[in-house]
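Asker: Need coordinates for the following:
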Amino acid sequence: MNQEGLKNILEDVASGRISVQEAVLKIKSAPFHELDFAKIDLERGIRQGVCEVIYGEGKTKEQIAQIVEAMDEPVILITRLNDEKAAYLTEKTGMVYDACSRLGYVGTKPKPTGKGTIVVATGGTSDMPVAEEAALTAEILGNEVVRLYDVGVAGLHRLLSHMEQLMSARVIIAIAGMEGALASVIGGLADCPVIAVPTSVGYGANFEGLSALLSMLNSCASGVSVVNIDNGFGAGFLASRINHMD
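Answerer: Prediction:
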């Protein structure tokens with residue numbers, strides 16, 4: 001929606017031709033911005049509270065830069081970047097890039113506005129790329145994040161030494177490969193929602209994360225939900241939604 005269209009809606013509200021509720025509906029259903037290769041949903045932030053996130057994989061660096069320019073948001077999140085795209089976008093748009101998570105953002109990281117703390121816990125150090133994708137996504141969406149890395153069930157005392165952080169969290173993201181047992185253990189300890197993220201880390205017949213996915217889906221602990229393999233972004237986004245609910 002351009003400024004003229006928005007001005008017309010506001011004038012209609014001021015004159016009483018439409019109600020405030022009708023104006024909100026018009027704004028929410030405003031058209032997208034058309035590029036040759038993409039249709040940018042400029043009103044997603046109005047409808048859903050968060051602007052569109054750019055999935056970097058499969059797009060050229062030039063396409064991503066054009067999308068960023070068209071969006072014109074205070075902060076824009078870009079996921080699944082490689083080093084070549086990151087170098088280009090850093091110079092072209094001023095993007096801040098994290099190589100571990102392959103995630104970048106353009107703009108200013110906001111102050112936390114969530115109701116509580118999101119804890120991101122991993123079974124091992126090898127799970128950190130997925131964990132950082134989740135943690136940075138949550139931070140860019142306005143959440144305070146506590147990281148607990150390498151606290152897997154092979155050394156359970158490492159996890160139990162962080163009981164205060166686990167019990168005071170509003171949402172916990174449990175990230176693990178291998179047999180994916182961390183989510184069940186945390187789910188049996190914490191009184192908040194647990195989002196399980198299976199990773200493709202593991203030996204032999206882990207089937208690139210499928211074994212961890214099935215273990216988490218079959219968790220006997222109540223209150224555990226599961227996202228797809230290596231989907232740190234999805235977990236961070238969902239955790240932010242939960243943490244911003246009243």
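Asker: Run through the neighbouring helices and strands of the helix or strand of the chain with the lowest mean pLDDT.
Answerer: Between all helices and strands in the chain, the lowest mean by mean pLDDT, DSSP states H and E belongs to strand 33-34, at a mean of 72. Strand 33-34 sits against strand 39-40, with contacts defined as 3 or more Cβ pairs under 8 Å, 6 or more residues apart in numbering; DSSP states H and E. For glycine as for every other residue, the C-beta is placed from the backbone atoms N, C-alpha and C.
Asker: which residues touch the strand it packs on?
Answerer: Residues from elsewhere that reach strand 39-40 (Cβ atoms under 8 Å, 6 or more residues apart in numbering): 32-34, 52, 67, 70-71.
Asker: Quick check: mean pLDDT of that strand?
Answerer: Across strand 39-40, pLDDT averages out at 84.
Asker: Flag every buried residue along the very next helix or strand once past that strand.
Answerer: Sequence-wise, the next helix or strand downstream of strand 39-40 (DSSP states H and E) is helix 44-48. Buried residues in helix 44-48, counting neighbours by 16 or more other Cβ atoms under 10 Å, are found at residue 44.
Asker: And what about the closest residue to residue 225 other than its chain neighbours, helix, strand or coil?
Answerer: Leaving aside its sequence neighbours, residue 225 sits nearest to residue 195 (Cβ to Cβ, 6 or more residues apart in numbering; 5.6 Å). Under the three-state scheme (DSSP: H, G, I helix; E, B strand; the rest coil), residue 195 adopts strand.
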